[in-house]
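Q: Take a look and give me a structure for this.
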Amino acid sequence: MGLMFYGGANEPIWIEDRALAHLKVVIATKLRRNESFTLSWRHPDGSGRSTIWLHPAIPLRFVFDEPEPPPLSPEWITAMANSANSSGGISLVPEQVDPRGSTQP
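A: Numbers count the residues shown, from 1 in each chain. Below is the predicted model of the structure:
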């Protein structure tokens, strides 16, 4: 499980390493453009959901369990980037795996 530390929060946001690696690409791209947006996700235990406002001036740190980055799915990155450009912001959704071996968002 990867961790995302945002702002001055003491508690990290827990996100699976592969999902966090994809999310990092989208977030870094948006923040590099000086864009603000929201990020929403469901709580892993099913107890609800959370949303945070991401802004370029707020500190952000990603911590991964795995030492090597996973292979990235361009389709999943595109799906997240498209949602980031919507009024609802990024919604962290699971990666869809095609039974033929390719990944789909």
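Q: CA only for contacts and neighbour counts going forward, please
A: Noted.
Q: What separation is there between Glu16 and His55?
A: Using Cα to Cα, to the nearest Å, we find Glu16 at a distance of 22 Å from His55.
Q: So for these two, which residue has more residues nearby?
A: His55 (17 against 13; other Cα atoms under 10 Å).
Q: Let me know whether that one touches Arg32 as I believe.
A: No. The criterion here is Cα atoms under 8 Å, and His55 misses it with Arg32 at 10.3 Å.
Q: Show the end-to-end separation of stretch 71-89, please.
A: OK, stretch 71-89 end separation, Cα to Cα: 24 Å.
Q: Going along the chain, name the helices of this structure.
A: 17-32, 74-84 (DSSP state H).
Q: Select, out of those helices, the one closest to Pro94.
A: Closest of these to Pro94 is helix 17-32, at 7.6 Å (criterion: Cα to Cα).
Q: Buried residues of that closest one, list them for me.
A: Buried positions in helix 17-32, judged by neighbour count with 16 or more other Cα atoms under 10 Å: Asp17, Arg18, Ala19, Leu20, Ala21, His22, Leu23, Lys24, Val26, Ile27, Lys30.
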